[in-house]
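In: Take this sequence and fold it.
(chains A and B)
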Amino acid sequence: MGEDTDMAAKTVGELLEDEYTRVILAETSTEALSATELAQRCEASSPTIYRRLNRLQELDMVEEEQTLDPDGHHYRRFSARLERITIELSDGGYEVSVDRTTEDAVDRFTELYEGLR
Amino acid sequence: MTVPELTVEGGSTVGVVIAIVLAVSIIALSAWIAFVAYRGYQQSGERSVLAIAIGITLTATVPTIVRIALPTAGVSSLITTAAAVALQFAGLVVILYAIYTRPQAVNTRLVVGTTAGSLIVFAAPLTAVQLTAIGPSTAMTAIGAITALLGGFVAVQAYRGYRRYDRRPMLLLAIGLTLLTVGSFIAITTVEWVLPVSDAAAVSTVWTVELFGLLAILLSLRSE
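Out: Coordinates of the predicted model:
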C-alpha cells in the first residue's frame, strides 16, 4: 500500500468536485478502459477525458498500460490506482494521505505469466 | 583381416544413444515451449507478456539448444558455455525488466542494454582465458555462477507468486527455472570438478537436469 502526504486537501476537493473525474476513477477501478471507452461512459469528448486522465496520472491515481488491438494497433488503457484518501484535521491543519494499489514484482510476474498461458 | 569396429568418442555406445535421445527430446520440448510461449503472447497482445515470452524462451530453451548444437558443430566448450550463459543472462534480464518496470517494457533501451550486457558476459571469460592465467574451466564456472544466481533469484520470485496466489503453474515455473539455471550449473560444475566422468555420461547428466527443467516449464504453460 503506497502512501504519501504531499497532497493538499484543496487538491482532493478540486479533484472529486469534477463529475468526469469521479466517473473515470469509478469506472477504471473495476476494469482497465481506453480513453474512447471512457468518453462513451462519461458522455464526454475525448479532449475532456484526456485532460482528466493527464491530471489523474500527474497525481499517480491512474496508471496506463499499452495494449494491442486485434488489428495490431497500440492503444492505451487506464486503471485506477487510488484506493483511499484520508483527510485528518489535527494541530490546526489538514493532513492528506493517499493509499494506492501497489503491485510488486511477484504480482506482476504472476499476472504476466498468467497472461502468457 | 578384422572388421573395422564402430568407435564412439568418450563413452560406451549405450551412453551415446542415451545422449542422442536426450538431445532430440530437449530440442523437441524447446521448440514446443517457444511455440506455446509465442502463441500465448499472440492471444494476449500485450508487450509486457511478449517480454515474458522472450525471457522464458531465452532463459530456458535457447541456452539448452546452444549446449547441444555448438559442440556438435565442433565449437570449443569454453565458447559454447560463454554463448549459452550470455543468452540465458539476456533472458533473465528481460524477465526481471518486465516484472520490475511498468508495462511499456519492450523498448530500444531494453534491447540495447540487454545486448550489451550479454556481449560483456560472452566476452569476459574468453578475454580472461586469453589474457590471464585463468583456465577455461575456472572461467566457465565463474560466468555460470552469474546466471545461476540471477536464475535462482527469478525462480524465487516465481515461487513467491505460487505462495501468494496458490497458482500451481508458478510453482512449476519456479521448479523449471531452478533446474535450468541453478540445477544445470550444479550439474556442470559437478561433472567438471568433482566427479570427472566420460563425455557421454557428463552431457547426459547435464541434459537430464535440463530436460526435467524444460518439462516443468512446458507443464506450467500447458496445465489447466
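In: wait, A:Ala32 sits on A:Tyr75?
Out: No. Taking CB atoms under 8 Å as the contact criterion, A:Ala32 and A:Tyr75 are not neighbours in contact, 10.9 Å apart. In short, each C-beta sits where N, CA and C put it, glycine included.
In: More neighbours: those two, which one.
Out: Neighbour count, other CB atoms under 10 Å in any protein chain shown: between A:Ala32 and A:Tyr75, A:Ala32 has more, with 17 against 13.
In: Would you enumerate the residues in contact with that one?
Out: Applying CB atoms under 8 Å, 6 or more residues apart in numbering or on different chains to A:Ala32 gives the contacts A:65, A:67, A:77-79.
In: just those now: which is nearest B:Ser48?
Out: Lowest distance from B:Ser48 to the contacts of A:Ala32 (CB to CB) belongs to A:Glu65, with 7.7 Å.
In: mind checking the SS state of the closest one?
Out: Reducing the assignment at A:Glu65 to three states with DSSP: H, G, I helix; E, B strand; the rest coil gives strand.
In: Report the beta-bridge partner residues of it.
Out: When bridges are taken as DSSP bridges, the partners of A:Glu65 come out as A:Arg77.
In: B:Ile99 versus that one, what's the distance?
Out: In this structure, A:Glu65 and B:Ile99 are 14 Å apart, going by CB to CB, to the nearest Å.
In: Neighbour count: those two, which is higher?
Out: Counted by other CB under 10 Å, A:Glu65 and B:Ile99 do not tie: B:Ile99 has more neighbours, with 27 against 16.
In: That one should be in a strand, yeah?
Out: No. Secondary structure assignment places B:Ile99 outside any strand; it is helix (three-state DSSP).
In: correct me, but it touches A:Thr110?
Out: No. Using CB under 8 Å as the test, B:Ile99 is too far from A:Thr110 to be in contact (9.2 Å).
In: Does the helix ranked longest in chain B pack against any helices or strands, and if so which?
Out: The longest helix of chain B (DSSP state H) is helix B:13-44. Using 3 or more CB pairs under 8 Å, 6 or more residues apart in numbering or on different chains; DSSP states H and E as the contact criterion, the elements in contact with helix B:13-44 are helix A:105-116, helix B:47-56, helix B:62-72, helix B:199-222.
In: Nice, that's everything, thank you.
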